[in-house]
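Chemist: Sequence isn't available, so here's the structure alone:
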């Protein structure tokens, strides 16, 4: 499968986003998936917060129509900025709607995959998309909460929704080494739980304190930077929370934790971590690929 992760509806016209995904579908012979979310740093550096729920829902509905080869009347499609309305042109006939007219009917529709953290977007994705990828961490309690919300929102008569999760995995045989890197890697993903205020989903006292530390300490001007840890840890991010929110430890430990998450009903994992393991780890950097992935495939 080939999937961008993750565009948002704001900076690019939806027809362009749909056409890009359909192009990947054509080139790859039907292996494309279109991820979509409400926006994060791509919007922050344009001066905006994530798009609102109504705008996001409309975007999902429009993308589904476009990817299926349908047409959206201009009156329903909305404005594209300051360009004058098409009917200001002095022509005998004009297009009346937006449509990808060149789609190959022999290829399946590109599935839509909603990146979801909060309960409203989780439910929205389950109603409107083929896939939902949760970004709520690796705590089984939080993932079960997300799965329950999604399954309750599924619409009768639609094909089953595929569920996955974005998870930080730091795999190293020395636990302290793995935990040290995980303390750096968790804040960029954990902040989605608190990006708009109070924590989303079930939290205990320790988790709430750690999430608040992430909310107060995360510096978007140094987004993803290695120096985020000290600011957030100083505010109360705990090792216990990091080990719950992420998968941290030896290949055997990582395998067992990921298998337990799969048993909840997850069909795929978006693993964040192995591409950022430092070169100083030497051959240990490759343990996830060499040992954990084959062990998961055997199951």
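Modeler: The structure has been received and is ready for your questions. All values reported here derive from a predicted model rather than from experimental measurement.

Chemist: what's around the residue nearest to residue 137 when sequence neighbours are not counted, how many residues?
Modeler: Using C-beta to C-beta, 6 or more residues apart in numbering and skipping the chain neighbours, the partner closest in space to residue 137 is residue 245 (3.9 Å). Using the backbone N, CA and C atoms, a C-beta is placed for each residue, glycine as well. For residue 245, the count of nearby residues is 27 (other C-beta atoms under 10 Å).

Chemist: same deal with residue 198?
Modeler: Residues near residue 198, counting by other C-beta under 10 Å, number 11.

Chemist: How about residue 168?
Modeler: Residues lying near residue 168 (other C-beta under 10 Å) number 24.

Chemist: ok, the residue nearest to residue 137 - contacts?
Modeler: With contact set as C-beta atoms under 8 Å, 6 or more residues apart in numbering, residue 245 has these partners: 137-139, 168, 186, 189-190, 207, 210.

Chemist: what about 10 Å?
Modeler: Residue 245 is in contact with 136-139, 142, 167-168, 182, 185-187, 189-190, 193, 207, 210-211, 214, 237, counting by C-beta atoms under 10 Å, 6 or more residues apart in numbering.

Chemist: Now the buried members of those.
Modeler: Buried by 16 or more other C-beta atoms under 10 Å: 136-139, 142, 167-168, 182, 185-187, 189-190, 193, 207, 210-211, 214, 237, out of those.

Chemist: Among these, name the ones in strands.
Modeler: 167-168 (DSSP state E).

Chemist: follow-up on the earlier one: could you measure from the residue nearest to residue 137 over to residue 278?
Modeler: To residue 278, residue 245 is 21 Å away according to C-beta to C-beta, to the nearest Å.

Chemist: and what of residue 188?
Modeler: Note on residue 188: its distance to residue 278, by C-beta to C-beta, is 17 Å.

Chemist: Those two - which one has more neighbours?
Modeler: Set residue 188 next to residue 278 and count neighbours by other C-beta under 10 Å: residue 188 wins out with 18 against 11.

Chemist: Strands along the protein, start to end?
Modeler: Listed in chain order, the strands of the chain (DSSP E) span residues 34-36, 72-73, 97-98, 112-116, 131-134, 162-171, 247-249, 268-272.

Chemist: Turn those into JSON lines, including distance to residue 154.
Modeler: Formatted as JSON lines, the strands of the chain follow (distance: least, C-beta to C-beta, whole Å):
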{"stretch": "strand 34-36", "distance to residue 154": "18"}
{"stretch": "strand 72-73", "distance to residue 154": "25"}
{"stretch": "strand 97-98", "distance to residue 154": "28"}
{"stretch": "strand 112-116", "distance to residue 154": "13"}
{"stretch": "strand 131-134", "distance to residue 154": "10"}
{"stretch": "strand 162-171", "distance to residue 154": "10"}
{"stretch": "strand 247-249", "distance to residue 154": "27"}
{"stretch": "strand 268-272", "distance to residue 154": "18"}
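
Chemist: so which of those gets nearest residue 49?
Modeler: Of all the strands of the chain, it is strand 112-116 that lies closest to residue 49, at 15.8 Å by C-beta to C-beta.

Chemist: shouldn't residue 164 be in contact with residue 113?
Modeler: Yes: contact criterion C-beta atoms under 10 Å: residue 164 and residue 113 qualify, at 7.8 Å.

Chemist: anything in contact with each of the two?
Modeler: Common neighbours of residue 164 and residue 113 (criterion: C-beta under 10 Å, 6+ apart): 131-133, 268, 270.

Chemist: Buried among these? Need that as a selection in PyMOL.
Modeler: To isolate the buried ones among the shared contacts of residue 164 and residue 113 in PyMOL, judged by 16+ other C-beta under 10 Å, type:
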select buried, resi 131+132+133+270
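
Chemist: low pLDDT regions in the stretch 101-250 of the chain?
Modeler: 205, 224-235 (pLDDT under 70).

Chemist: which ones are touching the residue nearest the centre of the chain?
Modeler: Central residue of the chain (C-alpha atoms, centre = their mean): residue 115, 3.3 Å from the mean position. Residue 115 sits next to 5-8, 35-38, 40, 121, 125, 131-135, 164, 166, 192, 270 when contact means C-beta under 10 Å, 6+ apart.

Chemist: run the last query once more with 8 Å
Modeler: By C-beta under 8 Å, 6+ apart, the residues touching residue 115 are 5-6, 35-37, 133, 135, 166.
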